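> Mind looking at a prediction? Sequence and model below.
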Amino acid sequence: MRIGIACPYSWDVPGGVQQHIRDLAEALIGLGHDVSVIAPADEDRPLPTYVVPAGKAVPVPYNGSVARLAFGPLSANRVRRWLRDGAFDVLHAHEPTVPSLSLLACWAATGPIVATVHTSMPRSRVLLAAQPVLRTALEKIDGRIAVSESARTTLVEHLGDDAVLIPNGVTTRRYRHAAPLDGWPGEGGVIGFLGRMDEPRKGLAVLLKAFAILAPERPGLRLLIAGRGDADEWRQKLPASIRDRAVFLGETSEAEKVRFLHSVDVFCSPNTGGESFGIVTAEAMAAGLPIVASDIDAFREVLRGGRAGELFVTGDAADLARAAGALLDDPARRAELSVAALDAVAGYDWGVVARDVLSVYQTVVLGRAAVVGVA
Amino acid sequence: MIWTLTVAIVLVLVLWGFYVSWRATRLDRLHNRVESARTALDLALVRRSSEAYELVSSGVLDPATSLLLTDAVRRAKEAKPDERDLAESDLTRALRAAFGQPEFRPSLAAEGGAGGGAAELVAEVEAAAHQVYLARKFYNDVAGRTLDARRRPLARVFRLAGNAPAPEFFEMDDALAETDTRA
């Protein structure tokens, strides 16, 4: 298929929507499709070959904060030209309610249109949806995708439109191989944790308690913690005798994160709730790590009910210590879980997610002879 | 002797009374002017919003720009009194960003048609924005002078301002022209 994807935010600026579009586009190209992405971008910077720059994004107040968006007659003309030159089978607009390229594309295009909603819309933006400009654009959309349940709920409750739920994928190959951080994992065993320390639902407190149980019996065991938060404050929560065996990396870059994952023997997800999917756990699985995770819905699902990783009673440090200790003592079991985790996470790979998106494309194209044109 | 002294004291008191009352009248007049300047500023802001809304509803702008401006106009209209300065400044910034886009002016000529409608609508917004700039300048000027007058010892001791609330400066970004400081 010839697929045109419109991105509302600057390609040069890191962000969830841009990352999603990049992964999706590359997965679709990997499946043999023709993909073109139009995005606000600086033309002087190197861009992937599938990205068409639509000029620089401008910072402008919108919806209570300042966003970098592309609008105005020049952007509108570039979107039209892109649509005309591309002759796409389907147009895929991301965040069409943001006043930028996606809205311009929905507005200008005729033919099959799919839209993905990423964020749950605040009420103020829902009110805006009544504006004729937005209504006209939204009514042209044939298929809607929501990346989260909350995004879907806003669509259904406020706009009366239903959407297919297709969550973000994991680019598993990015996590598969990496050199460990210098000096890790060493001989005595390492338990890893990744997540914001100051978010109580990430459950670091449970892991520290479990570590205090495990450490005295295992003199070489260490704890490696990555994520934002006050390391000193957390270190104080450990008994003084084992304090220096917990190492805090702070916030890591994408590349460091992958190296971090390859520096630990067991990965722990002690979350006490609040996860809808557990992307971090999935990434650790993609690195082939044996997982110890709390028994919440999201983890039970991604770990296939405990077959692709150990589950422990949510919030129970003693049970976590038991499960992690058993894994640390049993290399054969760790190897087994590593294989099972890789196998399970393959189902969440972008290659699979992209196929779900593709079937939405195929559905809206059904029975329509026309390709995407310009109104 | 005592009699002359009494007359002199009474005379001084009367004159001083006249002076105080004159100061009070002046302060009262200043407060009235603050009020009318504030009304003028409010009207100018409302007019700017409605001109901007008219431009948006005319359909001459691209949908992204019109959505952006619709949002800014609505926020300015619905802002609570203590957030009004921020919301109006945001409207200025949104207008500045929209009007400053490459090819914005040429595209108006293309849209305008025989009546030159599009360019005219934009000119109306710009005129209204300039009026906001003037009205705010006048208001802050008289507000400043009133605050000075209220701060005089005489005005404070005799509470010449009465119950009139102290005026507040209205600070906002109202510079629509390209040459002004960017947000």
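Here it is on my side, so go on.

> For the rest of this, base every contact and every neighbour count on C-alpha atoms.
OK.

> Now the residue in chain A that chain B sits nearest to: closest residue in space that isn't a chain neighbour?
Closest to chain B within chain A is A:Pro99: 4.2 Å, counting by C-alpha to the nearest C-alpha. Nearest residue to A:Pro99, sequence neighbours excluded (C-alpha to C-alpha, 6 or more residues apart in numbering or on different chains): B:Ala64, at 4.2 Å.

> Now do the helices in chain B.
Residue ranges of the helices in chain B, as given by DSSP state H, are B:2-57, B:63-78, B:84-99, B:104-112, B:117-151, B:153-157.

> May I see those organised as CSV, with mean neighbour count added?
Output for the helices of chain B, formatted as CSV (neighbours: other C-alpha atoms under 10 Å in any protein chain shown):
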stretch, mean neighbour count
helix B:2-57, 16
helix B:63-78, 24
helix B:84-99, 22
helix B:104-112, 15
helix B:117-151, 19
helix B:153-157, 13
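
> Contact partners for A:Trp11?
A:18, A:39-41 (C-alpha atoms under 8 Å, 6 or more residues apart in numbering or on different chains).

> Just flag the most distant two among those residues.
Farthest-apart pair in those is A:Gln18 and A:Ala41; separation 11.4 Å (C-alpha to C-alpha).

> more neighbours, the two?
Taking other C-alpha atoms under 10 Å in any protein chain shown, A:Gln18 and A:Ala41 do not tie; A:Ala41 has more neighbours (22 against 19).

> Contact partners for that one?
A:10-12, A:53-57.

> distance of A:Ala344 from A:Met285?
8 Å (C-alpha to C-alpha, to the nearest Å).

> hmm, back to that, can you give me the pLDDT of the residue of chain A closest to chain B?
In this model, A:Pro99 is scored at 91, pLDDT.

> Could you give the backbone dihedrals for A:Ala39?
phi -150, psi 150 (degrees, to the nearest 10).

> So it sits against A:Tyr50, correct?
No - assessed by C-alpha atoms under 8 Å, A:Ala39 is found out of contact with A:Tyr50, at 10.5 Å.

> So for the two, which sits in the more crowded spot?
Neighbour comparison, A:Ala39 and A:Tyr50: the larger count goes to A:Ala39, with 29 against 17 (by other C-alpha under 10 Å).

> Could you give the bridge partners of that one?
Beta-bridge partners recorded for A:Ala39 (DSSP bridges): A:Pro53.

> you'd agree A:Gly192 is in a strand?
Yes - assessed by DSSP: H, G, I helix; E, B strand; the rest coil, A:Gly192 belongs to a strand.

> Quickly note the distance from it to A:Arg307.
Distance from A:Gly192 to A:Arg307, by C-alpha to C-alpha: 20 Å.

> ok, now which ones touch the nearest residue to A:Pro185 once chain neighbours are set aside?
Spatially, and ignoring its direct neighbours in sequence, A:Pro185 is nearest to A:Ser263 (4.9 Å; C-alpha to C-alpha, 6+ apart). Counting by C-alpha under 8 Å, 6+ apart, A:Ser263 makes contact with A:180-181, A:184-185, A:190.

> Flag every residue of chain B that's near chain A.
B:61-68, B:71-72, B:90, B:93-94, B:97-98, B:101-104, B:107 (C-alpha under 8 Å from any C-alpha of the partner chain).
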